[in-house]
Structure formats: structure tokens, C-alpha cells
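1. compute the structure for the input listed below.
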Amino acid sequence: MAEETNITANATQFDYFVREAAWAMAIKQKRDWDFLGACAFTFAALLTVGYGDIIPETPIGRGLTIIYCLVGLPLSVMALKTGGEAVVHLISSTEAFFYSRTCGTPPSPHSLRRCLATSVILVTVYLCLMAGLGMYLEEWSFLDSFYAWFITFSTIGFGDLVPLESFRQRATSDADILFAGIAITLPYLIGFCLVSCVINLLVEVSERGLCGAIFSKRTCHNIDGVDEEAGRSDGDSIEMQVHMSYSRRCSI
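-> Below is the predicted model of the structure:
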């Protein structure tokens with residue numbers, strides 16, 4: 001009986017130790033609320049990534065986060081839309097320049113689809129470059145790094161793999177923290193602008209395709225109506241000519 005009680009007590013203590021160790025590991029994995037961590041939190045909130053590695057834990061912090069996001073999210077959407085439009089303009093201008101230099105003529109009306117294909121290629125190349133950077137800095141595999149950046153730029157943000165996390169943790173001095181903040185922010189901004197460019201082009205291509213289909217349908221309907229009216233007018237004129245000829249014969 002004493003041995004069974006001792007085993008039960010040891011098992012209970014072991015379970016308690018496991019829970020405490022798991023809680024300590026979870027606390028250790030959370031980011032501290034320093035300046036760089038606060039900037040990362042606001043950045044992730046405005047871009048709707050939300051890794052979950054740093055969160056507000058007080059009622060005041062959560063309330064301020066709601067207010068901050070209600071004000072900041074429309075501004076960030078407008079900023080990303082403007083950045084995407086700037087990338088679209090840059091791609092179309094570059095394409096028109098090289099097309100006119102090589103062919104001597106302006107690009108065809110289907111250049112919008114070429115811009116879309118170019119932007120998709122740019123996003124893919126950029127994801128591959130960021131995956132290579134993750135392999136070097138985080139010591140991940142190419143697939144894990146590509147997955148982490150894809151989840152980031154698609155604003156899913158599972159939080160299982162956070163890009164450039166070890167690079168941030170190595171920053172100790174104020175200068176290193178400032179450099180790390182800038183170095184981490186730039187890849188995110190470039191990637192989100194490229195994704196916004198693809199979204200803008202997809203919307204424009206779909207709108208033009210829909211408008212073109214509606215316009216062609218209306219044009220065909222109008223042409224059929226004109227042909228029908230022309231046929232009716234021709235029939236009326238022939239009937240009038242026959243009636244006039246018959247009247248002349250009767251008068252003779």
C-alpha cells in the first residue's frame with residue numbers, strides 16, 4: 001500500500017512538473033514587449049498577418065488594439081493599394097519602353113495580361129529569394145522557408161514559422177535593434193506591394209473581360225436589331241412599289 005501511494009504521489013508530482021515546464025516553455029516562446037516587439041505587433045495587426053507570438057494580455061491593451069485596428073486597417077489597405085498600383089505602373093511602363101525599343105510600335109491592347117503574368121512571376125521569384133534568405137538565417141529547409149513566407153504574404157499567419165525571428169533575437173544593442181527593425185520591415189513591405197499588384201491586375205483583367213463580354217453582347221443585339229429593321233423597311237418599300245404599280249395599271 002505504501003509503495004502504491006508513493007507511486008501515485010510521484011506520478012502526480014511528475015504531471016505537475018510537466019504542466020509547469022510546458023507553461024514555462026510557452027512563456028519563453030512569447031516575445032517581450034520591448035520597442036521592436038511593439039512595432040512588430042502593430043505591423044502584424046495592420047497587415048492582418050497576426051502570428052500570435054505577441055498579443056495584448058490586459059483589457060486596456062485589447063481595447064486599444066481594437067480602436068487602433070479600426071483606424072489603421074483602412075489606411076493600411078489604401079497604402080497597399082497605392083503601392084500595388086505603383087508597381088503596376090512600373091511594370092507597364094517598363095514593358096512599353098522595351099516593347100517600343102525592340103518592335104518600334106506601342107504594345108498591343110492585351111498588354112494587361114502580360115503585366116499580370118509578369119507580376120505573378122515577380123511574386124514567385126521574390127518568394128524563392130526570401131526562401132533562400134530563410135535557409136541562410138533561420139537554417140530552415142527551402143520548403144519550410146517558402147511555406148513561411150507564403151503564409152505571411154497571404155496574410156494567413158499561422159505562427160508556427162515566423163520569418164526572420166532568429167535574426168531579430170540576435171539584436172542586442174540599440175543600433176542592432178534599429179537595423180533589425182528596418183531590415184525586417186522592408187521585405188514585408190515589398191512582398192505585400194507585389195501581392196497587392198497581382199490583386200489589382202486580377203481585378204482589372206476580370207472587370208475588362210466582363211465589360212468586354214457585355215459590350216460584345218449588346219453590340220450583337222444592336223446589329224441584329226438594325227438588320228431586322230432594315231429587312232422590315234426593305235419589305236415595306238417593296239410592298240409600296242407593288243401597290244403603286246397595281247394602281248397605275250388600274251388607272252390605265
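2. select the helix or strand of this protein having the lowest average pLDDT value.
-> Using mean pLDDT, DSSP states H and E, the weakest-scoring helix or strand in the chain turns out to be helix 2-29, at a mean of 59.
3. in the following helix or strand past it, what counts as buried?
-> Once the chain leaves helix 2-29, the next helix or strand it forms, by DSSP states H and E, is helix 35-46. Buried residues in helix 35-46, counted by 16 or more other CB atoms under 10 Å: Leu36, Gly37, Ala40, Phe41, Phe43, Ala44, Ala45, Leu46. Where you see a C-beta, it was placed from the backbone N, CA and C, and this is true even at glycine.
4. now do stretch 184-204
-> 184, 187-188, 191-198, 200-201.
5. need the residues you listed in CSV (columns: distance to Gly84).
-> Converted to CSV, the buried residues of stretch 184-204 look like this (distance: CB to CB, whole Å):
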residue, distance to Gly84
Ile184, 21
Pro187, 16
Tyr188, 14
Gly191, 11
Phe192, 9
Cys193, 6
Leu194, 8
Val195, 8
Ser196, 3
Cys197, 4
Val198, 8
Asn200, 5
Leu201, 8
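6. any stretches of the chain with poor pLDDT?
-> Within the chain, the stretches with pLDDT under 70 are 1-11, 14-32, 104-110, 171, 174, 210-252.
7. so which residues of it form helices?
-> Here the chain has its helices, by DSSP state H, at 2-29, 35-46, 59-103, 111-137, 142-153, 165-169, 174-251.
8. contacts only, for Phe150.
-> Taking CB atoms under 8 Å, 6 or more residues apart in numbering, we find Phe150 in contact with Leu127.
9. and it, how far from Trp140?
-> 13 Å (CB to CB, to the nearest Å).
10. next: Ile60.
-> 37 Å.
11. okay, those two: which has more neighbours?
-> Trp140 (18 against 8; other CB atoms under 10 Å).
12. residues in contact with that one?
-> Taking CB under 8 Å, 6+ apart as the criterion, Trp140 is in contact with Gly134, Ala148, Leu161.
13. and the residue nearest to the second one when sequence neighbours are not counted, its phi and psi?
-> Among residues not flanking Ala148 along the chain, Leu161 sits closest, at 3.9 Å (CB to CB, 6 or more residues apart in numbering). Dihedral pair for Leu161: phi -130, psi 120, per degrees, to the nearest 10.
14. you'd agree Leu161 is up against Tyr147?
-> Yes. With contact defined as CB atoms under 8 Å, Leu161 reaches Tyr147; the gap is 6.8 Å.
15. show me the contacts for Ala117.
-> Ala117 touches nothing, counting by CB under 8 Å, 6+ apart.
16. also Pro74?
-> By CB under 8 Å, 6+ apart, no residues touch Pro74.
17. so Ala96 sits right up against Arg114, yeah?
-> No. Counting by CB under 8 Å, Ala96 does not reach Arg114; the two are 10.5 Å apart.
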